[in-house]
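J.: Provided below for reference: sequence and predicted model.
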Amino acid sequence: MPGHSPSCLKRLGFLLSVMLCWAAPALAQADKEYVDLELVLAVDVSLSMDLDEQRLQREGYVAALRDPNLLKAIKDGPNGRIAITYLEWAGSHMQSVVVPWRVISTAEEANAFADTLAGFPISRAFFTSISGAVDVAHQLFARSPVRGLRRVIDVSGDGPNNSGGAVELARDKVVADGTVINGLAIQLADRVGAYTYFDLPDLDRYYRDCVVGGPGAFVLSIRNKAEFASAIRKKLLLEVAGRTLPVLRAQYSQDEKKYDCLIGEKMWQQYQQNRGNWP
């Protein structure tokens with residue numbers, strides 16, 4: 001090029017390459033197919049849940065995915081399709097993707113997801129790291145083959161965070177990125193008080209104050225084993241339809257003290273300290 005030195009051209013080439021690198025993620029996002037919802041099902045498989053509870057939980061998700069009402073809710077969206085991935089989690093170093101991202105727009109696709117999930121062995125592991133589950137679930141959106149109008153992480157669990165980072169910090173980071181976190185608090189009546197250092201009788205309050213977040217975020221609770229299937233089905237229908245449950249927040253008084261979001265860590269420390277005092 002006349003009037004331009006080789007060093008000038010070299011600098012220009014470098015600037016162009018940097019600009020292309022910056023633009024690449026945006027271009028990749030622009031090329032993605034749109035869906036109405038990207039949903040991470042983040043499911044607790046910690047040892048505090050017995051095998052029967054874990055089986056009922058898995059069967060609840062399988063049944064919900066096969067439900068014709070779920071497909072109708074998907075079809076009623078502006079794009080008529082969603083993307084789902086299924087993540088199992090326990091302690092801070094145990095997060096396992098059971099079913100990778102799949103787009104669901106037909107009964108065949110929904111049933112195929114359910115078939116894969118039903119055929120996969122249920123994991124079990126120590127500790128409860130909701131913060132780790134939220135962090136990994138958030139990272140999964142970068143691997144999604146599509147781009148959702150909404151992004152939701154659906155966390156189900158039976159106890160407070162007692163491993164990994166602080167759950168509030170993980171929640172706030174994800175919500176600041178525009179992602180909604182909903183919760184399913186498993187607080188079975190026949191187990192309340194059975195594990196003094198691992199259970200909370202009002203786990204739904206803990207989830208409300210410390211776990212869920214974002215516009216329209218909600219918490220559902222399961223209080224007996226018979227409710228697994230209906231609660232999971234209701235939760236998925238609400239998330240796909242983009243509806244909220246304000247009544248779950250209104251049932252608590254406005255002046256109620258905020259839950260201690262480090263209660264799980266404190267309970268674990270107390271358990272460790274008292275182990276040597278047992279007969």
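T.: Sure, I can see it.
J.: CA atoms for contacts and neighbours, from now on please.
T.: Noted.
J.: show me where the stretch 101-250 of the chain has helices.
T.: Listed in chain order, the helices of the stretch 101-250 of the chain (DSSP state H, counting those that start in this stretch) span 107-118, 130-140, 167-176, 203-206, 228-241, 246-250.
J.: May I see the ones you listed organised as JSON lines, with mean pLDDT added?
T.: What follows is those, written out as JSON lines (pLDDT from 0 to 100):
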{"stretch": "helix 107-118", "mean pLDDT": "98"}
{"stretch": "helix 130-140", "mean pLDDT": "98"}
{"stretch": "helix 167-176", "mean pLDDT": "98"}
{"stretch": "helix 203-206", "mean pLDDT": "95"}
{"stretch": "helix 228-241", "mean pLDDT": "96"}
{"stretch": "helix 246-250", "mean pLDDT": "45"}
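J.: between the ones you listed, which one is nearest to residue 78?
T.: Among these, the nearest to residue 78 by Cα to Cα is helix 228-241 (10.6 Å).
J.: If you count contacts, what does the closest one end up packed against?
T.: Secondary-structure packing of helix 228-241 (3 or more Cα pairs under 8 Å, 6 or more residues apart in numbering; DSSP states H and E): helix 51-66, helix 68-75, strand 219-222.
J.: For the ones you listed, give me a markdown table that also has mean neighbour count and distance to residue 239.
T.: As requested, the helices and strands packed on helix 228-241 are exported to a markdown table (neighbours: other Cα atoms under 10 Å; distance: least, Cα to Cα, whole Å):
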| stretch | mean neighbour count | distance to residue 239 |
| --- | --- | --- |
| helix 51-66 | 19 | 12 |
| helix 68-75 | 18 | 10 |
| strand 219-222 | 22 | 11 |
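J.: Mind putting those into TSV with distance to residue 111 and mean pLDDT?
T.: As requested, the helices and strands packed on helix 228-241 are exported to TSV (distance: least, Cα to Cα, whole Å; pLDDT from 0 to 100):
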stretch	distance to residue 111	mean pLDDT
helix 51-66	6	96
helix 68-75	10	97
strand 219-222	25	96
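J.: what's the closest of those to residue 153?
T.: Between residue 153 and the helices and strands packed on helix 228-241, the shortest gap by Cα to Cα is with strand 219-222, which sits at 12.2 Å.
J.: what's next to the closest one, contact-wise?
T.: The contact list for strand 219-222, computed with Cα atoms under 8 Å, 6 or more residues apart in numbering, reads 182-188, 204, 207-208, 212, 228, 231, 235, 245, 248.
J.: and residue 133, what does it touch?
T.: 42, 89, 90, 92, 95.
J.: where does the nearest residue to residue 163 once chain neighbours are set aside sit relative to residue 270, distance-wise?
T.: For residue 163, ignoring the flanking residues on the chain, the nearest one in space by Cα to Cα, 6 or more residues apart in numbering is residue 129 at 4.7 Å. Distance of residue 129 to residue 270, given as Cα to Cα, to the nearest Å: 17 Å.
J.: Which one's more surrounded, those two?
T.: residue 129 (29 against 12; other Cα atoms under 10 Å).
J.: correct me, but that one touches residue 161?
T.: Yes. With contact defined as Cα atoms under 8 Å, residue 129 counts as touching residue 161 (5.1 Å).
J.: picking that back up, now the helices and strands packed on helix 228-241 as TSV including distance to residue 117?
T.: Formatted as TSV, those follow (distance: least, Cα to Cα, whole Å):
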stretch	distance to residue 117
helix 51-66	7
helix 68-75	17
strand 219-222	21
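J.: Noted, bye for now.
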